[in-house]
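Undergrad: coordinates only, sequence not included:
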């Protein structure tokens with residue numbers, strides 16, 4: 001376990017401050033300097049936050065939070081879904097490095113969310129089995145929204161679905177792993193959900209903040 005563990009609230013502050021720099025189009029000296037040097041493999045990694053984000057090329061966590069090499073343990077998968085491999089990756093980083101903050105980060109205009117909504121239309125052709133492995137994990141949180149007034153407003157539906165999917169993924173991490181539950185109860189691990197706005201660059205931490 002890392003000897004320089006960053007408490008979750010301090011880690012969250014670092015992410016907020018880094019995102020503010022990103023929005024202001026400013027890069028920190030430390031982040032820039034880290035890109036110009038090699039990582040010594042003999043030095044034990046000490047990421048201060050674990051980010052489970054979408055694989056969308058427009059949402060790179062290190063850039064959005066203005067962090068350097070080695071600062072974040074990043075897991076990326078379309079739709080920021082939580083499957084066994086993602087849970088295992090979070091477990092690995094939390095236990096091995098002692099990282100105490102996990103952020104599930106969705107983003108606006110997410111293709112996986114749009115694909116899930118489209119898959120629920122009766123006239124939609126069947127998707128590949130591999131794509132279904134993603135959309136089938138998102139569908140249970142989207143389906144209830146399809147029976148509300150949101151169904152008549154696609155942009156509002158997609159935004160609500162994005163947030164519902166983030167909240168569901170964060171809840172799955174909190175309650176779907178015995179190891180993570182133990183780390184939450186006994187070692188102060190915190191799991192929060194956030195949404196990155198592609199247009200403004202702002203990350204809104206909205207789930208698990210109490």
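TA: Cool, the structure landed. No experiment lies behind these values; they were computed from the predicted model shown.
Undergrad: When you work out contacts or count neighbours from here on, use the C-alpha atoms and nothing else.
TA: Will do.
Undergrad: could you pull out the strands for this protein?
TA: When assigned using DSSP state E, the strands of the chain occupy the ranges 49-53, 72-76, 101-107, 190-196, 203-207.
Undergrad: Contacts only, for residue 160.
TA: Listed by C-alpha atoms under 8 Å, 6 or more residues apart in numbering, the contact partners of residue 160 are residue 145.
Undergrad: low pLDDT regions in this structure?
TA: For the chain, the stretches with pLDDT under 70 are 1-3, 31-44, 210.
Undergrad: Centre of it to the edge, which residue is at the far end?
TA: Taking C-alpha atoms, centre = their mean, the residue of the chain most remote from its mean C-alpha position is residue 123, at 31.5 Å.
Undergrad: quick one: that one from residue 146, how far?
TA: For residue 123, the distance to residue 146 equals 16 Å [C-alpha to C-alpha, to the nearest Å].
Undergrad: before we move on, what about residue 53?
TA: 24 Å.
Undergrad: For residue 195, list each beta-bridge partner.
TA: Counting by DSSP bridges, residue 195 is bridged to residue 106, residue 204.
Undergrad: Make sure it is actually in contact with residue 110.
TA: No. Contact criterion C-alpha atoms under 8 Å: residue 195 and residue 110 do not qualify, at 10.5 Å.
Undergrad: which neighbours do those two share?
TA: Each of residue 162 lies in contact with both residue 195 and residue 110 under the rule C-alpha under 8 Å, 6+ apart.
Undergrad: separation between residue 190 and residue 98?
TA: For residue 190, the distance to residue 98 - C-alpha to C-alpha - is 12 Å.
Undergrad: try residue 56
TA: 27 Å.
Undergrad: likewise residue 49?
TA: Look at residue 49 and residue 98: by C-alpha to C-alpha, they are 10 Å apart.
Undergrad: what about those two, which has more around it?
TA: More crowded of residue 49 and residue 98, by other C-alpha atoms under 10 Å: residue 49, with 27 against 24.
Undergrad: Residue 104 is in contact with the more buried one, correct?
TA: No. Here residue 49 lies out of contact with residue 104, judged by C-alpha under 8 Å, at a distance of 10.7 Å.
Undergrad: Residue 186: how many residues sit nearby?
TA: The number of residues near residue 186, taken as other C-alpha under 10 Å, comes to 9.
Undergrad: scratch that, residue 84 is what I was asking about
TA: Neighbours of residue 84 using other C-alpha under 10 Å come to 11.
Undergrad: and the angle for the lengthiest helix in the chain with strand 101-107?
TA: If you go by DSSP state H, the chain has its longest helix at helix 154-175. Taking axes from the mean of the first three to the mean of the last three C-alpha atoms, to 10 degrees, one finds that helix 154-175 is oriented at 160 degrees with respect to strand 101-107.
Undergrad: in helix 154-175, what's buried?
TA: Across helix 154-175, burial judged by 16 or more other C-alpha atoms under 10 Å covers 157-171, 173-174.
Undergrad: same thing with stretch 19-30?
TA: In stretch 19-30, counting by 16+ other C-alpha under 10 Å, buried: 19-23, 27.
Undergrad: Residue 53 and residue 146: which is more packed in?
TA: Taking neighbours as other C-alpha under 10 Å, residue 53 and residue 146 compare with residue 53 leading, 26 against 15.
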